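**Q** Provided below for reference: sequence and predicted model.
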There are 2 protein chains.
Amino acid sequence: MAGGAGERISGIGGGPAVVLVEPQLAENIGMVARAMLNCGLDDLRLVRPRADWPNEKAVAAASGADRVLETARLYPSTAAATADLNLLLATTARSRAMTKWTLTPRAAASEIRRATNAGSRVGLLFGKEARGLGNDDVALAQAIIAIPLNPAFSSLNLAMAVLIVGYEWRLAAADTTEAVAAAASPAAVLQLPKETEPATAEQLQGLFEQLESELDRCGFLRIAEKRPIMVRNLRNLFGRAGLSAQEVRTLRGIISCLVAGPRRPRGGSGAA
Amino acid sequence: MAGGAGERISGIGGGPAVVLVEPQLAENIGMVARAMLNCGLDDLRLVRPRADWPNEKAVAAASGADRVLETARLYPSTAAATADLNLLLATTARSRAMTKWTLTPRAAASEIRRATNAGSRVGLLFGKEARGLGNDDVALAQAIIAIPLNPAFSSLNLAMAVLIVGYEWRLAAADTTEAVAAAASPAAVLQLPKETEPATAEQLQGLFEQLESELDRCGFLRIAEKRPIMVRNLRNLFGRAGLSAQEVRTLRGIISCLVAGPRRPRGGSGAA
């Protein structure tokens, strides 16, 4: 059921369940719901929440992620909340005196994807706001996710912890769908707005020739031995900008305008 | 100064400045401070915050990250807040009808590290809660950071956006060995040659003001209702080029030269 809802909401589906153990503040549950839906997660499970449930403060803090709250389920124990899951990962800020596999969120994301693809159902355990998970809850998990933040200030908001793990899961998940993969690709792209026509090399050449010709005329390129390097630098500069055809036309208009100098008001001739 | 404080607090130092443009809620500023310190960032700049400042609600929401709030600085404009910075990245959820370099948070983290190592000062721009950055603020940035989350629910809490970018920056910062950094590095963007001093936002502003003033004089910007969009497009165009300080001087010289018009040969005066 959760998988179906996940597909409907997020377009990905099959995301891990988020299990909050004894969350103290309804606002934090709402913020968790929002962070989950940001990442395309929708299976929220609450173990003994301190606040009444359902809760208006949670709805307000969810900022529109109501669906996640509406389908959230309550459980009397962590064991009950995770009974149907195959792989449990406990998220923690402080280190534990336990022998456990410890993963970064990024490594965990790969592991979750691998497990999910193999048919496993995965759950992420998060403890109460101030104290984190108890050792008995951590013991239920196969591994720990340790979020590598500032050791001098590791007090992480509950929803922030959910977001970090969910964000890494989403990026790892995105690698499987081509459309999202492009968005998640770690390479920079020069994003042209739709219907923007990039300039052709010929159009760029026309711009460069006009600019250089005017710079010759006004004396900017008058030192002969420096001219080649100055021309090359200018071409590099405008080349880096990835100009559109329209922008080339604009720049050519600007050069012409600057050269022509101040317009004299000539009574309406500009309207022609 | 910010760098020194950063080293003291985070053990990393030299992290990017976080610039919040017109934040609406004091609680969100506090949560941003907490998320920043989680990531080892401490240079917080506020442009026209709506709430009174300093603010008790912000302190409460910061959960101990008071130091970031205490050293936060207020500015009357985005331009003022970023005047000393060399590389500005605008974080945005919705796509823009602007031609800009667009980076994932991960690619941006590499770029920030590279720029910082080369001596640049970097700023991350975040807009107001519901609406994000205005187009004029985006136009000040050399590139956009687009956070790849659920397109069906992309309403991201302000502090969450800061956390994602800060988290990626911290992970990239942790890759201190050059070999690892090189292997993990995405395609290089806006790569300036060694010993090239990148322009500051203030230097860029000076270029823009000179250009726009000359374009007003020659009539290029004479149609009042088109002026704002034309100005913004020009700033975007030059912003994309990632100009060096020297290139800004060159472009300013070019504008002056084009406006001054042809040099008259005056018998040897050019040799002086």
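**A** Thanks, I have the structure now. Numbering: from 1, shown residues only, chains lettered A, B, ... in the order given.

**Q** Geometric centre of chain A: which residue is closest?
**A** Residue closest to the average C-alpha location in chain A (Cα atoms, centre = their mean): residue A:167, at 6.8 Å.

**Q** Need phi/psi at that residue.
**A** According to degrees, to the nearest 10, the main-chain angles of residue A:167 amount to phi -60, psi -40.

**Q** Pull out the buried residues from the host helix or strand of residue A:231.
**A** Under the criterion of DSSP states H and E, residue A:231 resides in helix A:227-240. Buried positions in helix A:227-240, judged by neighbour count with 16 or more other Cβ atoms under 10 Å in any protein chain shown: A:230-231, A:234-235, A:237-238, A:240. C-betas here are computed from N, CA, C, even on glycine.

**Q** Distance from the chain centre to it, please.
**A** Once both centres are worked out by Cα atoms, centre = their mean, to the nearest Å, helix A:227-240 turns out to sit 35 Å from its chain's centre.

**Q** Which neighbouring elements make contact with it?
**A** If you count contacts as 3 or more Cβ pairs under 8 Å, 6 or more residues apart in numbering or on different chains; DSSP states H and E, helix A:227-240 packs onto helix A:201-218, helix B:245-260.

**Q** Generate a markdown table for those helices, with mean neighbour count as supplementary columns.
**A** Shown next, in a markdown table, are the helices and strands packed on helix A:227-240 (neighbours: other Cβ atoms under 10 Å in any protein chain shown):
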| stretch | mean neighbour count |
| --- | --- |
| helix A:201-218 | 16 |
| helix B:245-260 | 18 |
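
**Q** Mind putting the buried residues of helix A:227-240 into JSON lines with distance to residue A:216?
**A** Converted to JSON lines, the buried residues of helix A:227-240 look like this (distance: Cβ to Cβ, whole Å):
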{"residue": "A:230", "distance to residue A:216": "11"}
{"residue": "A:231", "distance to residue A:216": "10"}
{"residue": "A:234", "distance to residue A:216": "12"}
{"residue": "A:235", "distance to residue A:216": "15"}
{"residue": "A:237", "distance to residue A:216": "18"}
{"residue": "A:238", "distance to residue A:216": "17"}
{"residue": "A:240", "distance to residue A:216": "23"}
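
**Q** least confident pick among those?
**A** Ranked by pLDDT, those bottom out at residue A:240 (74).

**Q** quick revisit: let me know the angle separating the helix holding residue A:231 from helix A:245-260.
**A** Angle of helix A:227-240 versus helix A:245-260, following axes from the mean of the first three to the mean of the last three Cα atoms, to 10 degrees, is 140 degrees.

**Q** So what touches helix A:227-240?
**A** The contact list for helix A:227-240 (Cβ atoms under 8 Å, 6 or more residues apart in numbering or on different chains) reads A:204, A:207-208, A:211-212, A:220-221, A:251, B:190, B:240-243, B:247, B:250-251.

**Q** what about residue A:223, how many residues close to it?
**A** 10 (other Cβ atoms under 10 Å in any protein chain shown).

**Q** and residue A:160, helix, strand or coil?
**A** When classified by DSSP: H, G, I helix; E, B strand; the rest coil, residue A:160 comes out as helix.

**Q** what are the phi and psi angles of the residue nearest to it when sequence neighbours are not counted?
**A** Excluding the flanking residues, the one nearest residue A:160 by Cβ to Cβ, 6 or more residues apart in numbering or on different chains is residue B:163, at 5.4 Å. When read as degrees, to the nearest 10, the backbone of residue B:163 gives phi -60, psi -40.

**Q** Could you give the number of residues near the residue in the stretch 101-250 of chain A positioned nearest to chain B?
**A** Across the stretch 101-250 of chain A, the shortest distance to chain B (Cβ to the nearest Cβ) belongs to residue A:219, at 3.7 Å. A count of neighbours around residue A:219, defined by other Cβ under 10 Å, yields 16.

**Q** Show the contacting residues for the residue nearest to residue A:160.
**A** A:160, A:163-164, B:35, B:38-39.

**Q** Could you point out which of those residues is nearest to residue B:174?
**A** Closest approach to residue B:174 among the contacts of residue B:163 (Cβ to Cβ): residue B:39, at 11.0 Å.

**Q** my guess is that closest one contacts residue B:16, does it?
**A** No: look at residue B:39 against residue B:16 with Cβ atoms under 8 Å: they stay out of range, at 10.0 Å.

**Q** hey, what's in contact with both of the two?
**A** Shared contacts of residue B:39 and residue B:16, defined by Cβ under 8 Å, 6+ apart, are found at residue B:169.

**Q** Which residue ranges of the stretch 1-150 of chain A form helices?
**A** Using DSSP state H, counting those that start in this stretch, the helices of the stretch 1-150 of chain A run over residues A:2-10, A:26-38, A:56-62, A:66-70, A:78-81, A:105-117, A:135-140.

**Q** which stretches of the stretch 101-250 of chain A have low pLDDT?
**A** The stretch 101-250 of chain A contains residues with pLDDT under 70 at A:174-195.

**Q** Spatially, what comes nearest to residue A:261 if we skip its sequence neighbours?
**A** Nearest non-adjacent residue to residue A:261, counting by Cβ to Cβ, 6+ apart: residue B:218, 6.1 Å away.

**Q** Hmm, I typed the wrong one, I wanted residue A:133.
**A** Nearest non-adjacent residue to residue A:133, counting by Cβ to Cβ, 6+ apart: residue A:127, 3.4 Å away.
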